[in-house]
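Visitor: Have a look at this fold, sequence not included:
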């Protein structure tokens, strides 16, 4: 199956210059044809086209020299691996918002529950930090989880491997029940706060009324 190669502009940050070059070489296998057709794979009026048209004549006599000039203009960017400390920092910043709990999102080409997506993403960081078989930072991360999920997993796991497997295999019905409990508790707390606010307002109003009556009494002639 023939691959359609998008035009190379030289300025698109989402395009890997060397991936483009490899795709071009795979599609056009003859060096002479590469020399003739390369310009037609560059975006019109783009930085890449301007660069190619501005090459000295001796640089365009062979495909090898054109490829060498291309690699000078767009050098390979070597990816620097993250340190364990950086993975740990990202791990502690990976939050699961309460509002997203119980919902579904697209992940790896299918719909997945948000807490499972969170667990898979955390798993990548845990592996990078080399923490799979220990419990470093685990209690701290669990403490930051939304209350319904936190109640279902706290005090159960001693390693990240066990914890993440537990989150992934969590019974959805149990999570839903725990979310309902939290909603009921929040509703009760809100009702109590409203009752307390009303009581404070009544007391304030009553004190004001009594003070006004007292002031009138004091102003009356003896």
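Guide: Sure thing, it's come through. The shown structure was predicted, so the numbers you read here are calculated from the model rather than taken from an experiment.
Visitor: Can you pull the domain assignment for this protein?
Guide: 17-73, 84-170, 180-222 (automatic domain parsing).
Visitor: Can you check what pLDDT the model gives the residue positioned nearest the centre of the chain?
Guide: With distances taken as CA atoms, centre = their mean, the residue of the chain nearest its centroid is residue 94 (7.8 Å). You'll see residue 94 listed with a pLDDT of 91.
Visitor: show me what contacts it?
Guide: By CB atoms under 8 Å, 6 or more residues apart in numbering, residue 94 lies in contact with 118, 121, 122, 125, 141. C-betas here are computed from N, CA, C, even on glycine.
Visitor: Is it possible to get the domains of the chain out as JSON lines so that each row also shows distance to residue 5?
Guide: Output for those, formatted as JSON lines (distance: least, CB to CB, whole Å):
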{"stretch": "domain 17-73", "distance to residue 5": "5"}
{"stretch": "domain 84-170", "distance to residue 5": "24"}
{"stretch": "domain 180-222", "distance to residue 5": "52"}
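Visitor: between the contacts of residue 94, which is nearest residue 27?
Guide: residue 121 (35.5 Å; CB to CB).
Visitor: how far away is the residue nearest to the centre of the chain from residue 146?
Guide: Noted for residue 94: a distance of 13 Å to residue 146, by CB to CB, to the nearest Å.
Visitor: By mean pLDDT, show me the worst of the domains of the chain.
Guide: Lowest mean pLDDT within the domains of the chain: domain 180-222, a mean of 78.
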